[in-house]
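>>> Generate coordinates for the sequence data below:
(chains A, B, C and D)
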Protein chains: 2
Amino acid sequence: MARLSDIIEIFLKDMLNDMHGSVEIQRNELAIRFNCVPSQINYVISTRFTNDKGYYVESRRGGGGCISIRRFNIDCAGDYLMHIISAIGDNLSQHTCEVFINNFTDYDIIAGREASLMRAALSDKALVEVPMEKRDNVRAAMLKNMMMSLTVL
Amino acid sequence: MARLSDIIEIFLKDMLNDMHGSVEIQRNELAIRFNCVPSQINYVISTRFTNDKGYYVESRRGGGGCISIRRFNIDCAGDYLMHIISAIGDNLSQHTCEVFINNFTDYDIIAGREASLMRAALSDKALVEVPMEKRDNVRAAMLKNMMMSLTVL
DNA sequence: GTATAATGAAAGTCAGAGAAAGTCAGATGT
DNA sequence: ACATCTGACTTTCTCTGACTTTCATTATAC
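Residues are numbered from 1 along each chain as shown, chains lettered A, B, ... in the order given. Alright, predicted model coming up:
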């Protein structure tokens, strides 16, 4: 929507695509371009370009400082998947699942319909009959299992 | 007669028709337009745009937040799917799921990868933590939910 | 000439304000 | 009785500004 954060996020992601997954920006410059306070840039980065969304961010302060954003290179989807699978713990909230699934689509590991299927399977609605205290546990097992099934194909 | 909820319901459904089954609204804006409290919108949505009436509702809070309503696509692959969905009972063994999934692939309703995702999600392995007596029940809910999600896009 | 101090130009942090939507119990209407 | 409506309160997300930290460059001291 008209959220500044979303606009900046898209701007940076487009930039990343153009630059093959690695950009360097100046915080103040970007803030001026989008007519906001510099710390807004930090907000966008810390909410949208986190480590577990597949980004690596570095920065340098002082004169001529800058922020560099790199996207993990996942040319081998299988490796990435295995990495994720092992990183998934034993409990996953519906919300955390969403984050994972969105990443997978961002990285073209799964298609839109596949994402809907996964969301549908993992939703609280589908799992309503599973006792609360087991639900996040079941979700973790399901997500792992589903991701596994993709590495085989 | 002419209850506000009905008026808002009709308004939203007209909007859905105009927008090919998918709208985004702002709760407060709508409340102002109909001169009611914002929570009235929640009431309308929760009573009229439920999942089993064929709608998907999502929302985002915070500045620039919104509510999005999508209608299942009942005409395309929909009729057949809806038929299938209603044919699925309340209990499904892993084996029965297999049969369904194989049928879906045979009739080109789902692709190969989609089938493996579904098998993975519905397998006994993924659902091992779900108590035995609930498992077939959960499976039915999951399969229905997954098939539903396909009718949207 | 080298070492240190001062200056300025970045980026970082964090708490708080603001802007939505969600919840729920109770009042009201039919 | 049941559906509808309201308002107070909660939660989540976004945005801002004051203040801090870090770095590079330039000026000063020896």
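>>> can you list the domains in chain A?
As assigned by automatic domain parsing, chain A contains the domains A:4-71, A:77-152.
>>> mind checking the SS state of the residue in chain A positioned nearest to DNA strand D?
As assessed by Cβ to the nearest atom of the strand, DNA strand D sits closest to residue A:62 within chain A, at 2.5 Å. C-beta here means a position set from N, CA and C on the backbone, and glycine is covered the same way. Here residue A:62 is coil, with the state taken from DSSP: H, G, I helix; E, B strand; the rest coil.
>>> After the helix or strand of chain A at the bottom of the mean pLDDT ranking, which helix or strand is next? Please name it.
One helix or strand of chain A scores below all others by mean pLDDT, DSSP states H and E: helix A:77-87, with a mean of 73. Where DSSP states H and E defines the elements, the next helix or strand beyond helix A:77-87 is helix A:94-106.
>>> quick one: the helices in chain A?
Assigned by DSSP state H, the helices in chain A fall at A:4-18, A:27-33, A:38-48, A:77-87, A:94-106, A:112-122, A:132-152.
>>> Could you find the closest non-adjacent residue to the residue nearest the centre of chain A?
Centroid-nearest residue in chain A: residue A:53, 2.8 Å away (criterion: Cα atoms, centre = their mean). Leaving aside its chain neighbours, residue A:53 sits nearest to residue A:103 (5.7 Å; criterion: Cβ to Cβ, 6 or more residues apart in numbering or on different chains).
>>> if I look at the one you found, how far off is DNA strand C?
Between residue A:103 and DNA strand C the distance is 22 Å, computed by Cβ to the nearest atom of the strand, to the nearest Å.
>>> list the contacts for that residue?
Residue A:103 makes contact with A:52, A:53, A:54, according to Cβ atoms under 8 Å, 6 or more residues apart in numbering or on different chains.
>>> List the buried residues for stretch A:121-132?
Buried positions in stretch A:121-132, judged by neighbour count with 16 or more other Cβ atoms under 10 Å in any protein chain shown: A:121, A:122, A:123, A:126, A:127, A:129, A:130.
>>> One more: stretch A:59-72?
Buried residues in stretch A:59-72, counted by 16+ other Cβ under 10 Å: A:67, A:69, A:70, A:71.
>>> now do stretch A:141-151
A:141, A:142, A:143, A:144, A:145, A:146, A:147, A:148, A:149, A:150.
>>> separation between the residue in chain A sticking out farthest from the centre and residue A:28?
For chain A, the C-alpha farthest from the mean C-alpha position belongs to residue A:63; by Cα atoms, centre = their mean, that distance is 31.2 Å. Remark: distance between residue A:63 and residue A:28 (Cβ to Cβ, to the nearest Å) = 12 Å.
>>> One more: residue A:119?
Noted for residue A:119: a distance of 39 Å to residue A:28, by Cβ to Cβ.
>>> Same drill for the two, tell me which one is more crowded.
Using other Cβ atoms under 10 Å in any protein chain shown as the criterion, residue A:119 and residue A:28 rank with residue A:119 on top: 18 against 12.
>>> Give me the distance between that one and residue B:68.
14 Å.
>>> and if you look at residue A:79?
For residue A:79, the distance to residue B:68 - Cβ to Cβ - is 35 Å.
>>> same check, this time on residue A:61
According to Cβ to Cβ, residue A:61 stands 40 Å off from residue B:68.
>>> ditto for residue A:130
Taking Cβ to Cβ, one finds residue A:130 at 27 Å from residue B:68.
>>> need the residues of chain A near chain B, please.
Chain A has residues A:1-3, A:6, A:111-114, A:116-123, A:125-131, A:134, A:137-138, A:141-142, A:144-146, A:148-150, A:152-153 near chain B, with proximity defined as Cβ under 8 Å from any Cβ of the partner chain.
>>> What ranges in chain A fall below the confidence cut-off?
Along chain A, the model assigns pLDDT under 70 to residues A:1, A:73-78, A:152-153.
>>> Name the residues of chain A found near DNA strand C, please.
By the rule Cβ under 7 Å from any atom of the strand, the part of chain A lying against DNA strand C is A:25-29, A:38-39, A:41-42, A:59-67.
>>> try it again with 6 Å
With Cβ under 6 Å from any atom of the strand as the criterion, chain A meets DNA strand C at residues A:26-28, A:38-39, A:42, A:59, A:61-67.
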